[in-house]
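Enquirer: Provided below are the primary sequence and the corresponding predicted coordinates.
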Amino acid sequence: MHPLYRKADQLSQVAIGSAIEVHRLKGPGLIESIYERCLMRELELRQIGAVNQRVVKIEYKGFLFDEPLRFDVLIEACLPF
């Protein structure tokens, strides 16, 4: 089992609850960037560390490089959301 599995499992419940809260308050039909900013605020209010729109670092056999692919939200440095 990956060492961050338990932490990510617990955080997934918080992340899903946060996303549901944002959708409950904002409703359907907005663009993704609005939901993302609201989710970041919701996680902040719940005192959960998160970053968004960061470049993904790729490592392959000792070769490390940045790829223009970006993730939306990374929660507590272990749960991409």
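Expert: Yep, it's here. Numbers count the residues shown, from 1 in each chain.
Enquirer: now Val55. Nearest residue, chain neighbours left out?
Expert: Closest residue to Val55 apart from its sequence neighbours, by Cβ to Cβ, 6 or more residues apart in numbering: Asp66 at 4.8 Å. Any C-beta I mention is one placed from the backbone N, CA and C, and that applies to glycine too.
Enquirer: hang on, the one you found packs against Val56?
Expert: Yes. Between Asp66 and Val56 there is a contact at 7.4 Å, judged by Cβ atoms under 8 Å.
Enquirer: neighbour count: those two, which is higher?
Expert: Shown here are Asp66 and Val56; by other Cβ atoms under 10 Å, Val56 has more neighbours (13 against 10).
Enquirer: which of the helices or strands spans the more buried one?
Expert: Taking DSSP states H and E as the definition, one finds Val56 inside strand 50-60.
Enquirer: counting contacts, what elements does the following helix or strand past that strand pack onto?
Expert: Where DSSP H and E defines the elements, the next helix or strand beyond strand 50-60 is strand 63-75. Of the remaining helices and strands, those touching strand 63-75 by 3 or more Cβ pairs under 8 Å, 6 or more residues apart in numbering; DSSP states H and E are helix 5-26, helix 32-45, strand 50-60, strand 79-80.
Enquirer: check which residues of strand 63-75 are buried.
Expert: If you call a residue buried by 16 or more other Cβ atoms under 10 Å, then strand 63-75 has these buried ones: 73-75.
Enquirer: could those go into JSON lines alongside distance to Lys7 and pLDDT?
Expert: Conversion of the buried residues of strand 63-75 to JSON lines gives the following (distance: Cβ to Cβ, whole Å; pLDDT from 0 to 100):
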{"residue": "Val73", "distance to Lys7": "16", "pLDDT": "93"}
{"residue": "Leu74", "distance to Lys7": "13", "pLDDT": "89"}
{"residue": "Ile75", "distance to Lys7": "10", "pLDDT": "92"}
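Enquirer: which of the residues you listed sits closest to Gly62?
Expert: Leu74 (23.6 Å; Cβ to Cβ).
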